[in-house]
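J.: Return a 3D structure for these sequence lines:
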Amino acid sequence: MDLAMSDGGKTGSDMNSSQVDMAMPAVDDMANAPPDLLPPAPYYFDPVIQTDISFLNCASGACHGIHPPILIVNPTTMQQYDANYTALMPDFIGGANSLFLTKTLLNSGVSHADNGPPTKPFSSTADATYQRWQTWLLAGALKRP
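T.: Numbering: from 1, shown residues only. This is a model prediction of the structure:
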């Protein structure tokens, strides 16, 4: 079988049935790259993970606003972000098996308050926020860029 190279001028309909076009599609910059060619996005506690925590109301008065670890609702200063990160640090240990993930996953076997929604916001590991948290933890649970 003959392989046509992209610089040989044979592509697509110019090729006969015994030739295969091995040329990669042109990518002029990574903004236009196919998703499978892009590196995973870096996630940081400040602001990405904290934004998730705020969106899920984890720091509300009924949850970690009064139950340890105590979190600051919607932090706005670096000191407040740092306080929340520090309060949660013990739960970051263990990567995919960390308490930060297992406490929030429904049917994980790990207790978290009453074990139902909203204290267990993730019904499966396929949840996009759960996957973001797991990616962040496995990358080292970085505080900020």
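J.: these two touch, right, residue 88 and residue 69?
T.: Yes: counting by CB atoms under 8 Å, residue 88 touches residue 69, with 5.8 Å between them. Bear in mind the C-beta positions are built from the backbone N, C-alpha and C, glycine included.
J.: Between the two, which is the more surrounded one?
T.: Set residue 88 next to residue 69 and count neighbours by other CB atoms under 10 Å: residue 88 wins out with 21 against 14.
J.: can you pull the contacts of the more buried one?
T.: Contacts here follow CB atoms under 8 Å, 6 or more residues apart in numbering; on that basis residue 88 touches 69, 71, 100.
J.: pLDDT at residue 23, what is it?
T.: Here, the pLDDT recorded for residue 23 equals 50.
J.: what does the one 5 residues further on give?
T.: pLDDT recorded at residue 28 is 46.
J.: Phi and psi next, for residue 122.
T.: Backbone torsions for residue 122, taken as degrees, to the nearest 10, come to phi -110, psi 120.
J.: Across the sheet, point out what pairs with it.
T.: With DSSP bridges as the criterion, residue 122 is bridged to residue 105.
J.: Contacts only, for it.
T.: By CB under 8 Å, 6+ apart, residue 122 lies in contact with 104, 105, 106, 129, 130.
J.: you'd agree the first one is up against residue 123?
T.: Same thing as residue 104. No: at 10.4 Å, residue 104 does not count as touching residue 123 under the criterion of CB under 8 Å.
J.: the more surrounded of the two?
T.: Higher neighbour count among residue 104 and residue 123: residue 104, with 22 against 12, using other CB under 10 Å.
J.: and the gap between that one and residue 76?
T.: Residue 104 is 24 Å from residue 76, where distance means CB to CB, to the nearest Å.
J.: do the same with residue 86
T.: Residue 86 sits 17 Å away from residue 76, taking CB to CB as the criterion.
J.: just the helices in the protein please.
T.: Here the chain has its helices, by DSSP state H, at 50-55, 78-92, 99-102, 128-138.
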